[in-house]
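S.K.: sequence and computational prediction follow.
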Amino acid sequence: MASARRMGSLLRIPRFSLYLATSCVATVGFFAYIATSAFVFQTWYGYSTARYTLVFATNASCMIISTLVFGKIVGRVSEDRLLTVGLAVATVGSAGVLSAALLHAPGWVVWVCLALVTGAQGLVITGSATRTQALGQASPGTAAALAGGLAFGVGGLGTPLAGLLGGTPAAMGGIMLAGLGLGLVLQTVGPRLLVRDR
């Protein structure tokens with residue numbers, strides 16, 4: 001009961017809930033990549049297992065680098081700005097994935113676009129986590145549980161959704177664009193609506 005009360009208190013903070021929603025929808029898009037990329041590259045683009053491993057390792061490295069960059073510059077650039085930039089770059093990268101799929105571009109084009117998405121995701125994950133923790137500092141454990149649990153719980157919907165849509169490059173790109181694009185809209189438009197409601 002005490003945990004439920006703490007969760008309720010946090011969810012009644014409008015900005016906290018907005019960051020939470022942004023993180024959830026952005027994670028849906030990211031999970032579509034995680035769940036589908038191996039099938040897409042090996043089945044649709046003919047990559048070997050070893051070559052796909054290189055794709056995944058490259059993209060993971062981009063995320064690690066951007067997470068480190070976040071830590072280096074967060075004192076000079078606000079967390080909100082970094083989160084917004086991350087969502088914007090990830091949305092552009094997702095649009096590139098979808099466009100490349102629809103135009104039947106070679107696999108390396110999709111690879112480059114995915115590197116943009118995963119690199120930007122380092123800013124998105126870190127930015128949303130730090131903001132929810134800052135707003136939930138009265139109950140840090142509960143804030144972390146909500147942010148992590150809901151983001152990965154809701155984000156997991158990207159996995160079956162990508163499968164239901166056929167596991168194609170276009171399905172992967174479309175779900176990524178929808179999730180990350182909606183996250184960008186929530187991050188940029190949402191705060192203005194909150195201020196207007198006051």
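M.R.: Cool, got the structure.
S.K.: from A120, how far out is Y45?
M.R.: 22 Å (Cβ to Cβ, to the nearest Å). No exception for glycine: its C-beta is placed from N, CA and C like everyone else's.
S.K.: so who does Q187 touch?
M.R.: 22, 80, 83-84, 87 (Cβ atoms under 8 Å, 6 or more residues apart in numbering).
S.K.: now do A134
M.R.: E79.
S.K.: for it, what is the enclosing helix or strand?
M.R.: Secondary structure assignment for A134, by DSSP states H and E: helix 107-135.
S.K.: which sections of the protein are below the confidence cut-off?
M.R.: 1-2, 193-198 (pLDDT under 70).
S.K.: from the contacts of Q187, which is closest to F152?
M.R.: Of all those, the one with the least separation from F152 (Cβ to Cβ) is T22, at 14.4 Å.
S.K.: number of nearby residues for the closest one?
M.R.: 28 (other Cβ atoms under 10 Å).
S.K.: for I13, same thing?
M.R.: 16.
S.K.: which non-adjacent residue is nearest it?
M.R.: Leaving out its chain neighbours, the residue that sits closest to I13 by Cβ to Cβ, 6 or more residues apart in numbering is L135, at 5.8 Å.
S.K.: so L98 makes contact with G173?
M.R.: Yes: the criterion here is Cβ atoms under 8 Å, and L98 meets it with G173 at 3.2 Å.
S.K.: so between the two, which is more surrounded?
M.R.: When L98 and G173 are compared for neighbours, G173 comes out ahead with 29 against 22, by other Cβ under 10 Å.
S.K.: which ones are touching the more buried one?
M.R.: G173 touches 94-95, 97-101, 110, counting by Cβ under 8 Å, 6+ apart.
S.K.: hmm, try it at 7 Å
M.R.: Listed by Cβ atoms under 7 Å, 6 or more residues apart in numbering, the contact set of G173 reads 94, 97-98, 101.
S.K.: closest one of the residues you listed to L146?
M.R.: S94 (25.6 Å).
S.K.: count the neighbours of that closest one for me.
M.R.: 30.
S.K.: how about it, phi and psi?
M.R.: Taking degrees, to the nearest 10, you get phi -60, psi -40 for the backbone angles of S94.
S.K.: and for I64?
M.R.: The phi/psi pair for I64 (degrees, to the nearest 10) reads phi -60, psi -40.
S.K.: give me the nearest residue to it, chain neighbours excluded.
M.R.: Spatial nearest neighbour of I64, chain neighbours left out: G122 (7.0 Å); criterion: Cβ to Cβ, 6+ apart.
S.K.: thought A143 was touching T132?
M.R.: Yes: between A143 and T132 there is a contact under Cβ atoms under 7 Å: 5.6 Å.
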